[in-house]
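# Show me the folded form of this:
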Amino acid sequence: MAAVDGAPGSVAATDVRVQLLVTYYQCARAEIVQRVANRDASVPLFLVVSGAVFSVALGTTNQVGLLYVIPAFGLGVSLIYSQHDHVIGAISRYLATEYQEQVKALPLQGAAPIQWDLSIERRGLKSGFRLRIATVTVLVTLPQAVAVTLADLRLGLSPASILGTAGGAATILFGVLIQIWVEIRRQRFYEVTVDPNIAPYFRLPTPTADARAGAAAPPA
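Next up is the predicted model:
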């Protein structure tokens, strides 16, 4: 019996499902792009704010204590950066697992392209992810450490400097631990592990001998 439009398995139902999958993919990718932009903008913003605080604290009399504010800003940036990384990893994992299973279930004619989250190139960027986390950690931690050190040198041994140093050191350590925790969590839960000996879900169609011969033949 022929399938009725709108019934499961019909052409119309398949078209609607394809459109939904395309929309979901576009929305997920758009959110990833937006979150990556917001995440990467947080570090330069922190550096600009830190520079302004350094300028005011060191250029104005009796304002050195402002340097102890920089570790608090650094912690805020670490939390924002880690949150974006957490959600980006979750969306990428969804596209490579649950979403991909829905794509595999489609009655496609021919081979579908391998999406980015399952590509060999994507898996080859693991070392780049670690380098990015290490770079961000240094860029965020270094101004905090310099701020606390300069404040201690200027204020000397006093109750304010002791309290500021203790709070600054704890804040810096907490921010670094957050970055490490997010990286470990990403590798354990959000990094899609694909056995290199197993063929991917889809492969691009291999040209047949006749097709290769036709492509190589000069035009008449």
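# Give me the neighbour count for residue 35.
17 (other C-beta atoms under 10 Å). For glycine as for every other residue, the C-beta is placed from the backbone atoms N, C-alpha and C.
# how near is it to residue 41?
In this structure, residue 35 and residue 41 are 11 Å apart, going by C-beta to C-beta, to the nearest Å.
# which secondary structure elements does the helix or strand encompassing residue 15 contact?
For residue 15, the element it lies in under DSSP states H and E is helix 11-59. Contacts defined by 3 or more C-beta pairs under 8 Å, 6 or more residues apart in numbering; DSSP states H and E place helix 11-59 against helix 69-96, helix 98-104, helix 126-155.
# Same list as before, those that is, but in a markdown table and with mean neighbour count and distance to residue 30 included.
A markdown table is the format used below for those (neighbours: other C-beta atoms under 10 Å; distance: least, C-beta to C-beta, whole Å):
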| stretch | mean neighbour count | distance to residue 30 |
| --- | --- | --- |
| helix 69-96 | 19 | 10 |
| helix 98-104 | 14 | 14 |
| helix 126-155 | 16 | 21 |
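# hmm, back to that, run the chain-centre distance for the helix holding residue 15.
Computed by C-alpha atoms, centre = their mean, to the nearest Å, the chain-centroid distance of helix 11-59 equals 9 Å.
# Stretch 84-94 now?
7 Å.
# now stretch 135-149
21 Å.
# pLDDT on it, on average?
Averaging pLDDT along stretch 135-149 yields 89.
# do the same with stretch 100-115
73.
# what does stretch 35-51 give?
93.
# residue ranges with poor pLDDT in this protein?
1-14, 108-113, 123-127, 186-220 (pLDDT under 70).
# In stretch 31-47, which residues are buried?
The neighbour-count check on stretch 31-47 (16 or more other C-beta atoms under 10 Å) flags 32, 35, 39, 42, 43, 46 as buried.
# want to throw these into CSV with distance to residue 178?
Shown next, in CSV, are these (distance: C-beta to C-beta, whole Å):
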residue, distance to residue 178
32, 21
35, 17
39, 14
42, 13
43, 14
46, 14
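# Out of those, flag the one nearest to residue 129.
Looking at the buried residues of stretch 31-47 and their distance to residue 129, the nearest is residue 39, at 12.7 Å (C-beta to C-beta).
# give me every residue that touches that closest one.
Shown in contact with residue 39 (C-beta atoms under 8 Å, 6 or more residues apart in numbering): 80, 81, 84, 85, 88.
# ok, the closest residue in space to residue 181 that isn't next to it in sequence to residue 175 distance?
Excluding the flanking residues, the one nearest residue 181 by C-beta to C-beta, 6 or more residues apart in numbering is residue 82, at 7.8 Å. Separation of residue 82 from residue 175 (C-beta to C-beta) stands at 9 Å.
# Please apply the same query to residue 23.
From residue 23 to residue 175 the distance is 37 Å (C-beta to C-beta).
# just the CA coordinates of stretch 80-92, formatted as CSV?
Extracted in CSV, the C-alpha atoms of stretch 80-92 (Å, rounded to 0.1, in the frame of the first residue of the first chain):
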residue,chain,number,x,y,z
ILE,A,80,32.0,32.9,32.2
TYR,A,81,34.6,31.3,30.0
SER,A,82,34.0,27.9,31.6
GLN,A,83,30.3,28.1,31.3
HIS,A,84,30.5,28.9,27.6
ASP,A,85,32.9,26.0,27.1
HIS,A,86,30.6,23.7,29.1
VAL,A,87,27.6,24.5,26.9
ILE,A,88,29.6,24.4,23.6
GLY,A,89,30.8,20.9,24.5
ALA,A,90,27.3,19.7,25.3
ILE,A,91,25.9,21.0,22.0
SER,A,92,28.8,19.5,20.0
